[in-house]
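K.L.:
Next one to model:
(2 chains)
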Amino acid sequence: MQQIIFFFIRNKNFLLFAVLFAISVALTIQTHNYHNDKYISSANYITGGIYTFRNNVADYFSLGKENEQLLQENLMLRKKLDQFKEVVNVEKLDSTFLSSKFTYFTARVINNNYSKTKNQLTLDKGRKDSIKIDLAVISSKGIVGIVSDVSENYATVQSILNTQSRINAKLKNSGDFGSLKWDTKNPNIAQLIDIPRIAKIKKGDTIVTGGRSTIFPEGILIGTIKDFHLDNDDNYYYVNIDLFNDMTSLEHVYLIENNDAQEIIELEKGVEDEEQ
Amino acid sequence: MKNNDIIVNIVRFIVLVFLQVLMLNNINIAGYINPYLYIFFILMYPLDGNKGLLIFLSFLLGLSIDIFEDSGGVHAAACAFIAYIRPVVLKYSFGVSYEYNSVKIKKADPMERLTYIASLVFMHHFVMFSLEIFSVKHILLLLKSTLFSGIFTIILIVCTLVLFNRKST
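P.N.:
Numbering: from 1, shown residues only, chains lettered A, B, ... in the order given. Predicted coordinates for the structure are as follows:
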C-alpha cells in the first residue's frame, strides 16, 4: 500500500500530465464528431461577448465594402422583383398571406477562421433569436455553412471550409448531382466530387446547391468550375470550384430555416424503421 | 516563487491570451501561418516554480485559447505536453546548472537560449497541428504548418525578449 502511495507521489507530475493530456485529446475527438453537444466552444457567454466587442470596433474598417455589397444585392433583388411583377400582379398580394417553406434570419459574423482544416464561424445570434442547429448559412454571394452548435446568445457554424462538411450540390446547366467538400489547400477553392462521367461539364459552369437536402434550399450559388479531371477509377469527375464567396472576409450572413425539415426527416425515418 | 513573480505571471497569462485571440490568430500569412506567442508564458515560467502547477496552468492556458478558437483541446494538449517536457529541454540547452538557479533565461547565452526556445516551440506546434489535422493524408500540410508557424513564433518570442529586456536594464 505504502509503495503504491510512494509511486503516486514520485510520479505525480507525470500522472497530472497524463490526465490533462487525455482530457484534451478527448475534447479534440469530441469536436471531430459533428453534432455532439459541445461543452467547450466559442458560443458561450464570455468568449461571445469578447468577440462581439472586437467586432464592434473592427466593423468600421469594412463599412464601405459592406455597403457596396448590400447595394449590389438590392440591385439584384430589385431586378428579380421586376421580372416577377411581369408574371404576377403583385399589388393584390399581401406578404402576410404569402406562406413560404423557408424562414430567413440575419446575423453578424463575430469570429471567422479559414486557415485550419476544420474551420468554424461564430455568429451573434442564438437560441434566443430562434436559431437552431442545422440551419443553412449563406451570404449575399453564396453558401457559407451549417449551424453546428447554439447557445443562448451565440451560434457556431461549420464552414464549408471544413474537411467534415459534405454538401449536396449540382451543375446549374445539366442538373447532375455531386457533393461539395474541401481539400484544405486554398480557402477560395472547394471541390465537387461524385459527378458521373456522362455529365456534360465545362470550365466556367455555375455550381449551385441541389434540392436533395433538408438544410439548403435549391439553387443557392456556390461557385464556378475552375478545372476538372476524372478520378482514379475513371468513373467520376473531380472538379475544382472557384467559390463566389470570399470566405476570408465575411461580415453579414443570412440563416435559412426549412419549415418542412422536421416533417421530411420524420417521414424518412419512418421508412427506415419499416425496412429494419 | 516570490510575490512579485506571481503577479507578473498572472498578468502575463491574461495579456497573452487576449493578444493571441484578438490579434495574432487573425494574421494568417499565406492563408495558414499564424504565430502562437502565448506559449511565451510557459517558456518564461520561473525555473524554480512548482512543476505540477506549471503543467496545470499550461493546460488552462491552452484551454482558454481552445475555447476561443473552437478547436476542442488541441492547444491544451500541446501546452500540457511542453510544460511536462520543459525540465528535460532546460537540461540539454543550459546544462545541469539551471537546477541550482544560476541561469536566467533572459541573460543566458544567446545560442543556448535559442536552442531552448526553438525546441519547445517546434514540439508545441508539432503536437498541436497533429491533433488539429488528425490525418496521415495531410502529413505535408502538418510539416509545412509546423515549420513556418514555428519560425514565425520564434521570431516573435525573441523580439519580445529583446524588447522587455531593454526596459528592465
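K.L.:
Buried residues, the helix or strand bottoming out on mean pLDDT in chain B. List them.
P.N.:
Least confident helix or strand, chain B: helix B:139-168 with a mean of 85, by mean pLDDT, DSSP states H and E. Residues B:141-142, B:145-146, B:148-154, B:156-157, B:161 are the ones in helix B:139-168 that count as buried (16 or more other Cβ atoms under 10 Å in any protein chain shown). C-beta: built from backbone N, CA, C; applies to glycine.
K.L.:
so which of the residues you listed also contact chain A?
P.N.:
When the buried residues of helix B:139-168 are checked against chain A using Cβ under 8 Å from any Cβ of the partner chain, the ones in range are residue B:141.
K.L.:
quick one, helices of chain A?
P.N.:
Along chain A, counting by DSSP state H, helices occupy A:2-10, A:12-32, A:45-58, A:63-87, A:261-275.
K.L.:
Now tell me what touches the last one from outside.
P.N.:
Translated: helix A:261-275. For helix A:261-275, contacts defined as Cβ atoms under 8 Å, 6 or more residues apart in numbering or on different chains pick out A:134, A:214-215, A:258.
K.L.:
wait, residue A:127 sits on residue A:149?
P.N.:
No: using Cβ atoms under 8 Å, residue A:127 is not in contact with residue A:149; the gap is 10.5 Å.
K.L.:
Just name whatever secondary elements the helix or strand where residue B:116 lies is in contact with.
P.N.:
Using DSSP states H and E, the element containing residue B:116 is helix B:110-133. If contacts are counted by 3 or more Cβ pairs under 8 Å, 6 or more residues apart in numbering or on different chains; DSSP states H and E, helix B:110-133 sits against helix A:12-32, helix B:40-44, helix B:74-94, helix B:139-168.
K.L.:
burial of the residue nearest to residue B:70 when sequence neighbours are not counted, as a residue count?
P.N.:
Closest residue to residue B:70 apart from its sequence neighbours, by Cβ to Cβ, 6 or more residues apart in numbering or on different chains: residue A:120 at 4.3 Å. By other Cβ atoms under 10 Å in any protein chain shown, the residues close to residue A:120 number 25.
K.L.:
isn't residue A:120 right next to residue A:156, touching?
P.N.:
Yes: using Cβ under 8 Å, residue A:120 is in contact with residue A:156, at 5.2 Å.
K.L.:
can you give me the end-to-end distance of stretch A:185-199?
P.N.:
Length of stretch A:185-199, first residue to last, Cα to Cα, to the nearest Å: 26 Å.
K.L.:
Can you give me the buried ones in that stretch?
P.N.:
Buried residues in stretch A:185-199 (16+ other Cβ under 10 Å): A:187-195, A:199.
K.L.:
repeat for stretch B:60-69
P.N.:
B:61-69.
K.L.:
near chain A, from those residues?
P.N.:
The subset of the buried residues of stretch B:60-69 within reach of chain A, by Cβ under 8 Å from any Cβ, is B:62-63, B:66-69.
K.L.:
Pick out the residue nearest the middle of chain A.
P.N.:
The residue lying closest to the centre of chain A (Cα atoms, centre = their mean) is residue A:145, at 0.8 Å.
K.L.:
contacting residues around that residue?
P.N.:
A:121, A:137, A:157-160, A:162, A:165.
K.L.:
Please name the bridge partners of it.
P.N.:
residue A:137, residue A:159 (DSSP bridges).
K.L.:
picking up where we left off before, with respect to residue A:240, which of the contacts of residue A:145 is nearest?
P.N.:
Proximity of the contacts of residue A:145 to residue A:240 (Cβ to Cβ) peaks at residue A:160, which lies at 14.0 Å.
K.L.:
Now the closest one: closest residue in space, sequence neighbours ignored.
P.N.:
Distance criterion Cβ to Cβ, 6+ apart; nearest residue to residue A:160, sequence neighbours excluded, is residue A:145 at 5.4 Å.
K.L.:
Relative to residue A:49, how far out is the residue nearest to the centre of chain A?
P.N.:
Going from residue A:145 to residue A:49 by Cβ to Cβ, to the nearest Å gives 22 Å.
K.L.:
Which residues of chain B lie near chain A?
P.N.:
B:21-22, B:25, B:28, B:31-34, B:51-52, B:55-56, B:59, B:62-63, B:66-74, B:76-77, B:80-81, B:83-84, B:131-135, B:138, B:141.
K.L.:
Among the residues you listed, name the buried ones.
P.N.:
So, by 16+ other Cβ under 10 Å, the buried ones in the residues of chain B next to chain A are B:21-22, B:25, B:32-34, B:51, B:55-56, B:59, B:62-63, B:66-74, B:76-77, B:80-81, B:83-84, B:131-134, B:138, B:141.
K.L.:
May I have stretch A:22-35 exported as PDB, CA atoms only?
P.N.:
Only the C-alpha atoms of stretch A:22-35 are listed here, as PDB (Å, rounded to 0.1, in the frame of the first residue of the first chain):
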ATOM      1  CA  ALA A  22      -6.100  12.600 -22.000                       C
ATOM      2  CA  ILE A  23      -8.800  15.200 -21.300                       C
ATOM      3  CA  SER A  24      -7.500  17.500 -24.100                       C
ATOM      4  CA  VAL A  25      -7.400  14.600 -26.600                       C
ATOM      5  CA  ALA A  26     -10.900  13.600 -25.600                       C
ATOM      6  CA  LEU A  27     -12.100  17.200 -26.100                       C
ATOM      7  CA  THR A  28     -10.400  17.200 -29.500                       C
ATOM      8  CA  ILE A  29     -12.000  13.900 -30.600                       C
ATOM      9  CA  GLN A  30     -15.400  15.200 -29.400                       C
ATOM     10  CA  THR A  31     -15.100  18.200 -31.700                       C
ATOM     11  CA  HIS A  32     -14.400  15.900 -34.600                       C
ATOM     12  CA  ASN A  33     -17.900  14.400 -34.300                       C
ATOM     13  CA  TYR A  34     -20.300  16.800 -35.800                       C
ATOM     14  CA  HIS A  35     -23.500  17.300 -33.800                       C
END
